[in-house]
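K.L.:
Take this sequence and fold it.
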Amino acid sequence: MFVHYNKNDNMLPIKIWQTDAEAVGEKCIEQAEHLAKLPFAHKWIALMPDTHAGKGMPIGGVIACENVVIPNAVGVDIGCGMAYVQTDIPVEVLRETITGSGNLVHTICGDILRNIPTGFSHYKTPQPSEVLDRAKAEMGRYEADSELIPQIEEGYYQAGTLGGGNHFIELQQDDNGMCGIMLHSGSRHFGNIVGQYFNKIAHELNDKWFSQVPAEWNLPFLPVDTDEGKRYLEWMQLCMDFAYENRAIMLQKVKELFTKHVKRHTGITPVFTDEINCHHNYAALENHFGKDVWVHRKGAISAREGEMGIIPGAMGSYSYIVRGKGDPDSFMSSSHGAGRAYSRSAAMDKFSVESVIVDLKKQNVVLAKNKKSDVAEESRFAYKDINDVMANQTDLTEPVKRLFTVGVIKG
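P.N.:
Purely as a prediction, here's the structure:
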């Protein structure tokens, strides 16, 4: 970790879990400097080792704010995060058991792709959702934002869907050869609309207040004691709950499909253990250095002492289950993944579809994806090396389990 700080520039220190500023990038440093000049920022800004430039705030960034929330410091995929469950089935059994669709890895991945909507797809009929049922029963909490109310009804069609981009479902192999199931998804279109809606409101209010935060920084804020701030927190929490439920629904469906095929073709009934479900795009009221502050983690996980977390790599590389160390300098946070080395468009220019598919086949990774033309966006070479990321945060987390991609479902 190094500290980027210019005491003559009216900014807080920026603590960066990387080797040097060059490894972070000029744009990312510039965005972090904007955060460090915010009048309500607490102590310092923390950038995780997977950090890279985002919209307004770096991905892999953590900022603690006094009495203020920043919609763009949460992002538009509110509550995006990870889920994982361990199985007692050896990957060797999945690879060696042949079915009518190839081996069990092919069969399971293909059935997941058919049964869980990916990309922009959603279910044609409403799905069960305790979170949305509760929201409808407590509509008084949300009715001031009438433009967003239709998103609650539309959310029923999105519950249990994967999405696209870097979202995935993977079958993985740990260092003992056992299969685990990992997935990455968030609040889908619901959270996107909510995030954009309140970011616009924050911009309008900041203009009205003649805020000292320049509009071009794209970091408009909402004081938590204002009506607008309170409403954002209500909707943000609803999106977080929906994202958590979305992952839980998918994980349950994947467990059912996994069980169906393993039992049918091997006679073994899988046992599932060690389930984890955690956010990495959110804000939470926490106490740090003697103050209650709103900790915004945009592409970062909570890593309190003993807390279990998930840090995925890119498809065809390693992912990690970790235990937090509760480091106060990072506001008890750590990285949320490998972090992009190339933007999506740059990755498409640099890597061909064929090269990505050949790379996955060489590593014996099964890819289940309806449209292959954009697969280069998610090439493992478009991301930083996850092992370098982990090496740069040994003071933040302790690796508990290392996992490698066996089969991957992408939107």
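
K.L.:
Let me see the ranges of the helices in the stretch 51-200 of the chain.
P.N.:
Secondary structure of the stretch 51-200 of the chain (DSSP state H, counting those that start in this stretch): helices located at 91-96, 104-115, 130-137, 149-155, 188-208.

K.L.:
so which of these comes closest to residue 25?
P.N.:
Closest to residue 25 of those is helix 188-208 (C-beta to C-beta; 23.5 Å). From N, CA and C alone the C-beta is placed, and that goes for glycine too.

K.L.:
buried set for that closest one?
P.N.:
By 16 or more other C-beta atoms under 10 Å, the buried positions in helix 188-208 come out as 188-195, 197-199, 201-203, 205-206.

K.L.:
contacts for that helix?
P.N.:
70-72, 74-80, 122, 145, 147-148, 151-152, 154-155, 158, 161, 163, 187, 213, 215, 220-222, 226, 228, 231-232, 235-236, 238-239, 242-243, 246 (C-beta atoms under 8 Å, 6 or more residues apart in numbering).

K.L.:
Centre-most residue in the protein?
P.N.:
In the chain, the residue lying closest to the centroid (C-alpha atoms, centre = their mean) is residue 81, at 3.6 Å.

K.L.:
Which neighbouring elements make contact with the longest strand seen in the chain?
P.N.:
Longest strand of the chain, by residue count under DSSP state E: strand 397-410. Here strand 397-410 touches helix 91-96, helix 104-115, strand 168-174, strand 178-185, strand 308-311, strand 318-324, strand 366-369, going by 3 or more C-beta pairs under 8 Å, 6 or more residues apart in numbering; DSSP states H and E.

K.L.:
cutoff 7 Å now
P.N.:
Packing partners of strand 397-410 (3 or more C-beta pairs under 7 Å, 6 or more residues apart in numbering; DSSP states H and E): helix 104-115, strand 168-174, strand 178-185, strand 318-324, strand 366-369.

K.L.:
List the contacts of the helix or strand of the chain with the lowest mean pLDDT.
P.N.:
Lowest by mean pLDDT, DSSP states H and E among the helices and strands of the chain is helix 21-24, with a mean of 88. Identification of contacts with helix 21-24 by C-beta atoms under 7 Å, 6 or more residues apart in numbering yields 4, 16, 18, 29, 47, 51.

K.L.:
What residues of that helix count as buried?
P.N.:
residue 24.

K.L.:
next one: stretch 395-403
P.N.:
Buried residues in stretch 395-403, counted by 16+ other C-beta under 10 Å: 396-397, 401-403.

K.L.:
circling back to that earlier point, return the subset of the contacts of helix 188-208 lying in strands.
P.N.:
Per DSSP E, the contacts of helix 188-208 map to strands at residue 222.

K.L.:
buried subset of the contacts of helix 188-208?
P.N.:
Among these, those buried by neighbour count (16+ other C-beta under 10 Å) are 70-72, 74-80, 122, 145, 148, 151-152, 155, 158, 161, 163, 187, 213, 220-222, 228, 231-232, 235-236, 238-239, 242-243, 246.

K.L.:
Show me the shaky parts of the stretch 301-411 of the chain.
P.N.:
Low-confidence segments of the stretch 301-411 of the chain (pLDDT under 70): none present.

K.L.:
scratch that, the stretch 151-300 of the chain is what I was asking about
P.N.:
Ranges of the stretch 151-300 of the chain meeting pLDDT under 70: none found.

K.L.:
Does anything pack onto the longest helix seen in the chain? Which helices or strands?
P.N.:
The longest helix of the chain (DSSP state H) is helix 227-266. Helix 227-266 is packed against strand 68-69, strand 81-90, helix 104-115, helix 130-137, strand 178-185, helix 188-208, strand 222-223, strand 272-279, with contacts defined by 3+ C-beta pairs under 7 Å, 6+ apart.

K.L.:
I'd like the distance between residue 366 and residue 106.
P.N.:
Using C-beta to C-beta, to the nearest Å, residue 366 is found at 6 Å from residue 106.

K.L.:
try residue 207
P.N.:
Distance from residue 207 to residue 106, by C-beta to C-beta: 55 Å.

K.L.:
Can you check the pLDDT for the nearest residue to residue 251 once chain neighbours are set aside?
P.N.:
The shortest distance from residue 251 to any non-neighbouring residue, by C-beta to C-beta, 6 or more residues apart in numbering, is to residue 83 (4.8 Å). Model confidence at residue 83, given as pLDDT, is 98.

K.L.:
Can you tell me the number of residues neighbouring residue 83?
P.N.:
Other residues within reach of residue 83, judged by other C-beta atoms under 10 Å, total 23.

K.L.:
hang on, isn't it packed against residue 277?
P.N.:
Yes. Between residue 83 and residue 277 there is a contact under C-beta atoms under 7 Å: 4.5 Å.

K.L.:
Quickly list what's touching both of these two.
P.N.:
247-248.

K.L.:
Number of residues surrounding residue 111?
P.N.:
When neighbours are defined as other C-beta under 10 Å, residue 111 has 18 of them.

K.L.:
Likewise for residue 385?
P.N.:
17.

K.L.:
Please apply the same query to residue 125.
P.N.:
Using other C-beta under 10 Å, residue 125 is surrounded by 7 other residues.

K.L.:
if I pick it, what's in contact with it?
P.N.:
Listed by C-beta under 7 Å, 6+ apart, residue 125 has no contact partners.

K.L.:
One more: residue 219?
P.N.:
Taking C-beta under 7 Å, 6+ apart, one finds 34, 38, 56-57, 70, 72-73, 213 in contact with residue 219.

K.L.:
what's the closest non-adjacent residue to it?
P.N.:
In this structure, residue 219 finds its nearest non-sequential neighbour in residue 56, 5.0 Å apart by C-beta to C-beta, 6+ apart.

K.L.:
Quick check: that neighbour vs residue 63, distance?
P.N.:
For residue 56, the distance to residue 63 equals 11 Å [C-beta to C-beta].

K.L.:
who's more crowded, those two?
P.N.:
residue 63 (31 against 21).

K.L.:
wait, the more buried one sits on residue 43?
P.N.:
No. Assessed by C-beta under 7 Å, residue 63 is found out of contact with residue 43, at 9.8 Å.

K.L.:
hang on, residue 156 packs against residue 124?
P.N.:
No. With contact defined as C-beta under 7 Å, residue 156 does not count as touching residue 124 (11.3 Å).

K.L.:
Comparing these two, which residue is more hemmed in?
P.N.:
Between residue 156 and residue 124, counted using other C-beta under 10 Å, the more crowded position is residue 156 (17 against 7).
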